[in-house]
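**Student:** need the 3D shape of this:
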Amino acid sequence: MDILALDLGTSSVRGLVLDADAVPRPGALARRRVRMQLGDGGATLDGAGYLAHLVECLDELAAGGHLRDVGRVATSGQWHSVLPLGRAGEPLGPVLTWLDTRPEPPAGVAGPADAAAYHQRTGTWWHRAYWSVRLPWLRERGVGRPARFVGLVEYALGALLEEAPMSVSQASGTGLLDLSALTWDAEACALAGAGPGELPELAPEEWRGRLRPEHARRWPQLADAAWTAPVGDGAASNIGQGCVDPGRAAVTVGTSAAVRLVQPAPAGWGLPPLPDGLWRYRVDHDHVLTGTAYSSGGNLFAWARRELRLPQGAELDAALARIAPGGGVAADPRLGGDRAPGRAPAGSGTLGGLSFGTDAVEIVAGLMSGVCRLIAADLVELESTVDGPVEVVLGGGAMAASAWWRESFAASLAPRRVRYQPDPEIGAAGAARAALGRLDVPVRLVDIGRTDEVASPTPSAPRAPRALPERPLS
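**Tutor:** Sure thing, here's the model as predicted:
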């Protein structure tokens, strides 16, 4: 049995077919780039256009004969997006993505009664990144009369499947989920103004979906395939990087950047303590993901290519090689503003120490080094949640594209051991492993500065035993 893994990201839509051991099939990859609409703090996607790209990927894979042995479909999808729908399921506006910094809390609303308890319970804050602030803001902007709200993942899959409930992983990214009880949190929903029927149904642990009949006729190879509950893109990346236990953190740099680690936490039991500056989401019913994220990552390259005439390919690699790892101009890379819990708006990036001799490569190197420093500082707080320093695995498309950036991370994160997962499709691969219930599948890792490759250790079982925590919820 093969697995079709869909990666529903903010910069592209991908479809990848893997075998029963989660190894990609040669040539079985379809990809479509998507264009985000940016400006004045806004960062939106066109839902209908996005769905069309997904359909094109499925058509391409079907035409290539890659879907004939697919028995299961897995999905990695972006967290935090929200789309208001009308009574007939029609979009009432664009998709609000994680990068959008415009939402503000309603005037005169005080927020959570106990902010610390709210943070521990939902893993989030009363912040523009989450639906507790986003839903009231969308209503105030007059997007019509929404019948309900969904994420981009639920919108896309809802168009293809007979039903598309929201997985606990995707729900945790809304900021409205009680991470222990795995139900919508009453206080968070009250802040969001979300009434009965306005939020998606939550998928049960063993949920399986099926294509609608009209789509089964279009892709008959998938007619009998079982669709598994989607995994948030950050969680899928951790799995794809082989970072599925508390002793190993993933640093992922794709369009954006993040540092995260997975901990066992079966549903219904108490959660590990959560430091004030870190968020926490769900991987599945048995694991949580703790970390922090940044609005700048590979998008720094896109900006520099567009605005600074940055060299590309081998020319860029050669120019960066002349700069010491972690070097470049002094720079704050927060061009897109802060991710939660920070509140700096878009346009907060800065450059310092420029001269007439400064070139584009020194500027982008400084921005890349700035991301390294942000992650190095926050990794210290992340390590406070586990016993001692962790090993770090780098991954993501931007990491695959730049050896200099990998070396800069190794220098910034020293003396920790830093390794690299060279597969650029870590999200799709991670989603496939989650669908198999095999978070422990070994992945290929490369030591930074060396050429040897090793298999990751596999300390985590596919399902953490429910007796692991010492105490139930009171």
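
**Student:** now whichever helix or strand Leu138 is part of: average pLDDT?
**Tutor:** Taking DSSP states H and E as the criterion, Leu138 maps to helix 131-140. Helix 131-140 shows a mean pLDDT of 96.

**Student:** just checking, what packs against it?
**Tutor:** strand 148-150, helix 186-192 (3 or more C-beta pairs under 8 Å, 6 or more residues apart in numbering; DSSP states H and E). (C-beta placed from N, C-alpha, C; glycine too.)

**Student:** export it to CSV, keeping only CA atoms.
**Tutor:** This file holds the C-alpha atoms of helix 131-140, laid out as CSV (Å, rounded to 0.1, in the frame of the first residue of the first chain):
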residue,chain,number,x,y,z
TRP,A,131,-9.1,32.7,16.5
SER,A,132,-10.0,34.3,19.9
VAL,A,133,-9.0,37.6,18.3
ARG,A,134,-9.4,36.8,14.6
LEU,A,135,-13.0,35.9,14.6
PRO,A,136,-14.3,39.1,16.3
TRP,A,137,-12.0,41.2,14.0
LEU,A,138,-13.3,39.5,10.9
ARG,A,139,-16.9,40.2,12.0
GLU,A,140,-16.0,43.9,12.7
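
**Student:** residues of it that come out buried?
**Tutor:** For helix 131-140, burial by neighbour count (16 or more other C-beta atoms under 10 Å) applies to Trp131, Ser132, Val133, Arg134, Leu135, Pro136, Trp137, Leu138, Arg139.

**Student:** burial measure for the nearest residue to Gly297 once chain neighbours are set aside, as a count.
**Tutor:** Once flanking residues are discounted, Gly297 sits nearest to Ala257: 3.8 Å by C-beta to C-beta, 6 or more residues apart in numbering. Residues lying near Ala257 (other C-beta atoms under 10 Å) number 27.

**Student:** list the contacts of Ala257.
**Tutor:** Shown in contact with Ala257 (C-beta atoms under 8 Å, 6 or more residues apart in numbering): Val251, Ala293, Tyr294, Ser296, Gly297, Val371, Ile375, Gly396, Ala398.

**Student:** what about 10 Å?
**Tutor:** By C-beta atoms under 10 Å, 6 or more residues apart in numbering, the contact list for Ala257 reads 251, 292-300, 333, 339, 368, 371-372, 374-375, 396, 398-399.

**Student:** equivalent analysis for Ala186, please.
**Tutor:** Contacts of Ala186 by C-beta under 10 Å, 6+ apart are Leu176, Asp178.

**Student:** local confidence estimate at it?
**Tutor:** Listed pLDDT for Ala186 reads 97.

**Student:** check Gly234 too.
**Tutor:** So, for Gly234, pLDDT stands at 96.

**Student:** cool, the one 3 residues further on as well?
**Tutor:** In the predicted model, Ser237 carries a pLDDT score of 97.

**Student:** how about the helices in the stretch 51-200 of the chain?
**Tutor:** With DSSP state H, counting those that start in this stretch applied, the stretch 51-200 of the chain shows helices at 115-122, 131-140, 152-160, 168-172, 186-192, listed in chain order.

**Student:** so which of the ones you listed is the most packed in?
**Tutor:** Among the helices of the stretch 51-200 of the chain, helix 168-172 has the highest mean neighbour count (mean count of other C-beta atoms under 10 Å), at a mean of 29.

**Student:** now that one: average pLDDT?
**Tutor:** Mean predicted confidence for helix 168-172 is 98.

**Student:** that one: how far from the chain's middle?
**Tutor:** Mean-position distance between helix 168-172 and its chain equals 12 Å (C-alpha atoms, centre = their mean, to the nearest Å).

**Student:** this completes my enquiry, with thanks.
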